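Novice: quick one: sequence and predicted model below, then my questions.
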Amino acid sequence: CSAAVIDQILAGMKAECSLEHLERLVRQDPVLVYRLLALVNSAAYGLRHEIQSLRHALMMLGFTSLARWLREQQAANHGAASAAGERHAKDDLHPVRYAMVMRSRLAQHLLEPGAEDDLRAEVYLTALFAQLDRLLYQPLSGLIQKLPLSERVFDAVLRDSGPYHPMLDVARAQGNPAELDALPAVCERHEIGLEHANRSLLRMLATSRDYSPATTAVA
């Protein structure tokens, strides 16, 4: 997990931030989001209904339990980084994590204006988990299938199909300089206008208050 993101979340809770702002802070780190969803859906909670959204998970966990769990993640971070080599490896992952977050925000903005919040949140989650294997060093299929996600998420992340795949595919092309030449063809394949894709990118950048990989505040 990102130590900087954990510090931001704890500071936000200390300042009695809103649930909406708390969600924005947590979803800066794909690993935190994944582990939190895994936690609330674990046998320890024994819930009768599966929890698919981050906001619902935060509501079920509560601020007190969340703060305690985050401090456990902090302790685990310090233990894992005891060797200098591992510390450098963690530092190298900051650009990867940051790129995943920005790509997720872009995929979300590719939805038509006025899309429902639940839909936007699920598209964001889909893009956020699409490269989770790069942070957790495990096969993506095994990681994703441990969570009670919708079939739409599974289709996009594991099968390159379904209604969320077009947003994910276009966001990937826009976020990779080596693929920019292919962007018009990718947009055409998914019937997404190139102008709409570019405007979505501008909207995403315009709502980013900070571009630092370590401290970005995701809107």
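Specialist: That came through fine.
Novice: checking His49 next. Helix, strand or coil?
Specialist: Of the three states, His49 takes coil under DSSP: H, G, I helix; E, B strand; the rest coil.
Novice: that one - how many residues pack around it?
Specialist: 9 (other Cβ atoms under 10 Å). C-beta coordinates here come from the backbone N, C-alpha and C atoms, glycine included.
Novice: quick check: it vs His56, distance?
Specialist: 9 Å (Cβ to Cβ, to the nearest Å).
Novice: same question for Leu125.
Specialist: 12 Å.
Novice: between the two, point out the one with more neighbours.
Specialist: Remark: of Leu125 and His56, Leu125 carries more neighbours, 27 against 15, as counted by other Cβ under 10 Å.
Novice: where does the more buried one fall, secondary structure wise?
Specialist: helix 117-129 (DSSP states H and E).
Novice: centroid residue for the chain?
Specialist: By Cα atoms, centre = their mean, the mean C-alpha position of the chain lies nearest to Leu128, the distance being 3.4 Å.
Novice: that residue reaches Met100, doesn't it?
Specialist: Yes - the pair Leu128 / Met100 is scored as a contact, 6.1 Å apart, by Cβ atoms under 8 Å.
Novice: intersection of neighbour lists for these two?
Specialist: Pro30 (Cβ atoms under 8 Å, 6 or more residues apart in numbering).
Novice: can you give me the buried ones in the helix ranked longest in the chain?
Specialist: If you go by DSSP state H, the chain has its longest helix at helix 54-80. Going by neighbour count (16 or more other Cβ atoms under 10 Å), the buried part of helix 54-80 is Leu54, Arg55, Ala57, Leu58, Met60, Leu61, Leu66, Leu70, Gln73.
Novice: just the closest of the residues you listed to His94, please.
Specialist: His94 has its nearest neighbour among the buried residues of helix 54-80 in Gln73, at 16.4 Å by Cβ to Cβ.
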